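Asks: Sequence and predicted model, in that order:
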Number of protein chains: 2
Amino acid sequence: MSQLRQEIGLSEHLSAAGYRLTAPRRAVLQVLEEARTHLHPEEVLKRARLIYPGLGRATVYRTLALLTGLGLLRPIRLGGSPRLARVTEGHHHLVCLACGHSFSFEECLEGELEEELAQRFNFKIKGHLLEFYGLCADCRGE
Amino acid sequence: MSQLRQEIGLSEHLSAAGYRLTAPRRAVLQVLEEARTHLHPEEVLKRARLIYPGLGRATVYRTLALLTGLGLLRPIRLGGSPRLARVTEGHHHLVCLACGHSFSFEECLEGELEEELAQRFNFKIKGHLLEFYGLCADCRGE
DNA sequence: GCCTTAATTGAGACATCGTCTCAATTATAC
DNA sequence: GTATAATTGAGACGATGTCTCAATTAAGGC
């Protein structure tokens, strides 16, 4: 079953784009693919070093930049802290402006808008981000 | 005419919330209100120093954090660079993942979704951010 | 398998971005 | 005007991210 569900992974995208598949890169990609939350770049480094101990910080950032340029990843901020998200990810966030806490939701309305914008701006749209900002119950003191 | 259009400014919000209206703060607020683009925090500092020369960096960041906590401002990133946007701002962006260029558009679909999420999460929603990510024509080499 | 070669790497200096402390200043209520 | 607590700037500090350069290594041709 899990075999049948196999999708094209990040590494396939990388090598398809002409980049080498090195051990350091594999470690970073594996961490990203196994991550169940939005990781902090330093957290990616920490986790990837468990797989490939000699890994350098620069390599992590370089790999992240590569994936971003290919449209596979996007840098976001959750409560002031830098994070990484797959662009294909389906969910979005409510973010509290005071405490930075975030809550996820699934709804999404951008189908036709996406089409139209892609045409208007001659843009190859890879994904999108929808975030609502406001104050959570705790921070309103309720 | 311009008198009639006068809206409640950032400074009114600040003092209504119990914060003092000092000269350094006024300078920062004025810069934000006159800005026609999404400013980089360091650019806010630079411009505000033209109004109030002695202004310190910390004061700028403190004022920005204050406004963010009140739900009047939100930090965004455009092409990896930190920027500030009024939460009430009506427009959104297409951002190129490769070169960081951004394009604005006006369409917006989140009315009812906003309502529903506010209820579900007991959240006071102040604004939202919608960004599409992809590759612009130049970066696709077309 | 073994070269060749250009892409990739890690270390660590460096740059940028943002926060904190603390003594001095100042807006506001009285 | 005075008292008082909020606010300030300077500059150290911390966090985040970039760059250089010599050493290493993946991938293609043999």
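Replies: That came through, no problem. Model, not experiment: these values are computed from the prediction. Numbers count the residues shown, from 1 in each chain, chains lettered A, B, ... in the order given.
Asks: domains of chain A?
Replies: A:1-88, A:90-142 (automatic domain parsing).
Asks: name the element the closest residue to A:Ile51 other than its chain neighbours belongs to?
Replies: Among residues not flanking A:Ile51 along the chain, A:Ala27 sits closest, at 4.1 Å (C-beta to C-beta, 6 or more residues apart in numbering or on different chains). C-beta coordinates here come from the backbone N, C-alpha and C atoms, glycine included. Following DSSP states H and E, one finds A:Ala27 within helix A:23-34.
Asks: Just the helices from chain A, written as ranges.
Replies: Secondary structure of chain A by DSSP state H: the helices cover A:10-16, A:23-34, A:41-51, A:57-69, A:111-121.
Asks: give the contact list for A:Val95.
Replies: By C-beta atoms under 8 Å, 6 or more residues apart in numbering or on different chains, A:Val95 lies in contact with A:78-79, A:101-102, A:131-134.
Asks: Now do it against A:Glu131, distance only.
Replies: Distance of A:Val95 to A:Glu131, given as C-beta to C-beta, to the nearest Å: 6 Å.
Asks: returning to that earlier point: which one of the domains of chain A lies nearest to B:Gly56?
Replies: Evaluated with C-beta to C-beta, these place domain A:1-88 nearest to B:Gly56, the distance being 20.2 Å.
Asks: residue contacts, the closest residue to A:Ser11 other than its chain neighbours?
Replies: In space, and not counting its chain neighbours, A:Ser11 is closest to A:Leu29: 5.1 Å by C-beta to C-beta, 6+ apart. Going by C-beta under 8 Å, 6+ apart, A:Leu29 touches A:9-11, A:14, A:63.
Asks: ok, now A:Leu45?
Replies: Taking C-beta under 8 Å, 6+ apart as the test, what A:Leu45 contacts is A:55, A:57, A:60.
Asks: and if you look at A:Leu84?
Replies: The contact partners of A:Leu84, by C-beta under 8 Å, 6+ apart, come to A:32, A:38-41, A:44, A:64, A:73-76.
Asks: Can you find the helix or strand of chain A with the lowest average pLDDT?
Replies: Counting by mean pLDDT, DSSP states H and E, chain A has its least confident helix or strand at strand A:73-78, which shows a mean of 81.
Asks: Whether that one contacts DNA strand D - can you check?
Replies: Yes: using C-beta under 7 Å from any atom of the strand, strand A:73-78 reaches DNA strand D at A:Pro75.
Asks: okay, the angle between that strand and helix A:23-34?
Replies: Strand A:73-78 and helix A:23-34 are oriented at 60 degrees to each other (axes from the mean of the first three to the mean of the last three C-alpha atoms, to 10 degrees).
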